[in-house]
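1. Everything below, folded, please.
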Amino acid sequence: MSNPNESNESFFQEVEEGVRQDRYVAFVRKYGVWVVGGVAAILLAVGGWRLYEGWSIDQSRDMSERFTAAQKLLREGDAKAAGDEFDRLSKTGPQNYRAMAMMERAQALEAQGDLEGALAQFDAAAQASRDPTMKNSARLRAAYIVAETQDFAAVRGRLDPIIAEGGAISYLARELLGVEAWEAGETTLARETLENLTLAFDAPEPVRQRAQLAINVLGPAPAASGATPAASAAPASAAQPSPGETK
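-> Got it, this is the predicted structure:
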């Protein structure tokens with residue numbers, strides 16, 4: 001004969017299991033559509049991201065091929081066609097490609113003699129670039145054009161921020177500052193800038209060598225105005241004519 005307590009316990013377990021099942025069914029009926037929709041959205045998002053990655057790779061490959069072809073046109077001397085293609089590339093594709101295309105278009109405009117247009121493009125490239133090195137490279141290229149077209153104050157205004165940020169590009173900016181200061185008659189600033197470059201052991205070796213050559217040509221700093229060279233302090237008797245000589 002079975003134990004009544006065991007029978008009751010079994011009965012309650014069955015009832016509890018039934019309640020769980022009923023709750024589960026109710027949950028599925030109420031929220032199943034949303035759960036399935038959420039899972040589907042996740043799957044679609046993952047699939048969409050993979051499709052985007054594939055598209056992005058294809059786009060980058062296409063941009064790279066067009067970019068290389070335009071660079072070839074520029075090297076071959078067809079600056080107009082190269083500039084037009086770089087202009088198109090600067091309006092599509094990844095951000096860094098756009099900034100690079102702006103810089104190349106600026107170079108094409110510079111080759112055509114349009115310095116104002118080139119300057120505007122270099123400035124636009126610096127504004128658009130998210131990479132610090134690329135940004136400062138565009139800013140430095142713009143400073144080279146300003147050095148040809150504007151005064152020393154304008155050049156220095158562009159170079160000082162690049163120098164303050166440091167990095168590899170800053171050494172080229174310091175070199176340009178030294179040369180432009182020299183041409184502007186600011187020899188103290190020129191000598192100080194170039195001498196500091198020769199002592200900057202982390203600067204590129206060609207930059208240090210060019211700075212040293214410039215220092216050699218520029219010469220040492222002039223002596224203080226109150227100083228008298230030792231050679232000029234000759235005894236008074238040395239200036240007198242010797243016997244037998246006439247003045």
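2. Can I get stretch 127-137 in CSV, CA atoms only?
-> The C-alpha coordinates for stretch 127-137 follow below in CSV (Å, rounded to 0.1, in the frame of the first residue of the first chain):
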residue,chain,number,x,y,z
GLN,A,127,40.8,70.5,-40.6
ALA,A,128,39.4,67.2,-41.9
SER,A,129,42.2,64.9,-40.7
ARG,A,130,41.8,63.0,-37.5
ASP,A,131,45.3,61.7,-37.5
PRO,A,132,47.7,64.1,-35.7
THR,A,133,50.7,63.4,-38.0
MET,A,134,48.6,63.9,-41.1
LYS,A,135,47.1,67.0,-39.7
ASN,A,136,50.4,68.6,-38.8
SER,A,137,51.9,67.5,-42.2
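3. three-state assignment of P222?
-> Of the three states, P222 takes coil according to DSSP: H, G, I helix; E, B strand; the rest coil.
4. Burial check on it, number of neighbours?
-> 9 (other Cβ atoms under 10 Å). Backbone N, C-alpha and C define where each C-beta goes, glycine included.
5. Give me the distance between it and W182.
-> According to Cβ to Cβ, to the nearest Å, P222 stands 15 Å off from W182.
6. Any stretches of the chain with poor pLDDT?
-> Scanning the chain for pLDDT under 70 picks out 1-60, 93, 224-247.
7. Where do the helices of it begin and end?
-> Along the chain, the stretches classed as helices by DSSP state H are 4-75, 79-89, 95-111, 115-128, 132-149, 152-165, 168-183, 187-199, 205-218.
8. Check the gap between the residue lying closest to L218 once chain neighbours are set aside and A214 for me.
-> Closest residue to L218 apart from its sequence neighbours, by Cβ to Cβ, 6 or more residues apart in numbering: R191 at 5.9 Å. To A214, R191 is 9 Å away according to Cβ to Cβ.
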